[in-house]
Structure formats: C-alpha cells, structure tokens
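Visitor: Pasting the sequence and the predicted coordinates here, then a few questions.
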Amino acid sequence: MLEITSLKKVYEDGTLAVDDLNLRVEAGETFVLLGANGAGKTSTIMLILGFTEPTSGTVTVKGVDVQKDPLAAKKLIAYVSENVTLYGNFTAKQNMEFFAKLSGRKDVTDDEYRAVFKRVGMADNAYQRRVSGFSKGMRQRLGIAIAILKNAELIVLDEPTSGLDPKGGFEFLEIIGGLRAENKAVFMSSHDIFRAKAIADRVGIMRSGRLLEVLDRQVLETRDLQQVYLESMAQIAAGATSANIDD
C-alpha cells in the first residue's frame, strides 16, 4: 500500500530531516512511527502527503508516486494533523459535509454522517453545534470522522492522541481497530510509547531522521517498548559521541 524507498530530505538550512528511509506499510496494517519532537516524524508525513519535495527517494501509495501524480495520490490518502483545521463558523455536520464533498463523496446520507460521528465518540448534541466552541479533543475526533468519511485506502495521522483524555484515548484505539478491520493502512506518528504499543502492528523508532529499529507485534508483546526505545536512543547517542571523539 504505502512504499517509501531511499527517502531523504535536507532543508535549505542544511538540516537533515529524513535520512535514507525505507519502509512498507500493507493494507490492514497499523504502523506507528515513534520518536521525540524533532526526530523527523512530521517531515516524513509531509513527504508522504506530497506537501514537500524529497531531496531524493520516492513515496508511492498503491503504486501511485505522490510527486509525479499528486492528485491521484491524494484521492487515496486521508490526513489528520495534530492541530485539526476546521471551519469554526460551521457546525460539525457542515464541516463533515464540506470535506466529504471536497474529497468527491456527494452521496453521503445524514444517517451515515451521524453513524460516523457516533463512531468517533462524539455526543449527539454536538452534531449541530458550531465547531468554534469545540475543545482540542473534540476537534481531533471530528478530524478523524472526516478522514473515515473520505473512505481512503491510507489513513495518515500526526500525533492523533494529542489532546485526548484517557477515555478518548481508549475510544481512539477502538477506532483504529475498526479501520484495520476495514483493511485500511494506517500510518501514525507519535511520542506516546504506551498507546503505540497498544495500537500498532509494527512500531518504528526514529531519531534524527533515521529509522533505528522496527518492532513487529510479536516483539511488542514480549519486550518492554519503553526500554527498547531508551536503549535505541542511548546507542545512537553513544555512537555520535564516539564519532566526535574520533574526529
């Protein structure tokens, strides 16, 4: 579904944001890219979405190159950012209708809108409320509802649990489980180790633009992800220190 090959991004100021990334995410799989702020997670997502050009390498979604055929690629991808941008003067329903039509879905019934709204844990009384009064967590849920309505093959989520309370976090895990059951590929960035372990089929650990390690479900069930993460960070830091001494 999602295939990343030899992907590299160097910004104009010389910052190496993504360093030779190779990764494949299959349909029905949830992949979580785990790392601290500045690890390169968001840069990777911007490259997947075609929002920025790679220095080298390719990203394809279902065989479509996101740089060579961006319009075709965008039809296959739904994206939810950490800070979901919605129209504050619109109601929740109006936001869903607008973005559904923008994605090409003009046949959505009110029953389907309400069902998706309920699926993401939103209260009925918020359906006709203006979004300007929504909390960050409510906006996050509505963003996920809009992504579900698009019915895309690949769902890309940037820190989607940010702003969710414990109940919302639990409901989010159920939402992702439903997407997996629908054979959607989910690519998610996070720095939340515990939710990453609970939700992922595979977890990739990233630092300084490099994918250090990929752990599958079997490994996640038998090893302490927090310990693996800390050990990976320590190893790369020790390697950098050694290189500086050698220099």
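Guide: Okay, I see it. Given the structure is predicted, the values throughout are model-derived calculations rather than measurements.
Visitor: which stretches of this structure aren't confidently modelled?
Guide: Counting by pLDDT under 70, the low-confidence segments of the chain come to 162-164, 235-247.
Visitor: which residues of it fall in strands?
Guide: 2-10, 16-25, 30-34, 56-61, 64-65, 77-80, 154-158, 185-190, 202-207, 210-216 (DSSP state E).
Visitor: between those, which one is nearest to residue 122?
Guide: Among these, strand 77-80 comes nearest to residue 122, with 14.5 Å by C-beta to C-beta. From N, CA and C alone the C-beta is placed, and that goes for glycine too.
Visitor: what helices or strands is the closest one leaning on?
Guide: Packed against strand 77-80, as judged by 3 or more C-beta pairs under 8 Å, 6 or more residues apart in numbering; DSSP states H and E, are the following elements: helix 41-49, helix 136-150, strand 154-158.
Visitor: Which strands and helices lie in contact with the shortest one?
Guide: I take that to be strand 154-158. So strand 154-158, by 3+ C-beta pairs under 8 Å, 6+ apart, packs with helix 41-49, strand 77-80, helix 136-150, strand 185-190.
Visitor: how far is the second one from where the chain is centred?
Guide: Meaning strand 77-80. 8 Å (C-alpha atoms, centre = their mean, to the nearest Å).
Visitor: residues in contact with the spatially most central residue of the chain?
Guide: Residue closest to the average C-alpha location in the chain (C-alpha atoms, centre = their mean): residue 157, at 2.1 Å. By C-beta atoms under 8 Å, 6 or more residues apart in numbering, residue 157 lies in contact with 79, 80, 144, 147, 186, 187, 188, 189.
Visitor: count of residues packed around residue 14?
Guide: Residue 14: 6 surrounding residues under other C-beta atoms under 10 Å.
Visitor: before we move on, what about residue 54?
Guide: Counted with other C-beta under 10 Å, residue 54 comes out at 21.
Visitor: Just list the residues touching it, thanks.
Guide: Counted by C-beta under 8 Å, 6+ apart, residue 54 has contacts 7, 8, 9, 18, 47, 67.
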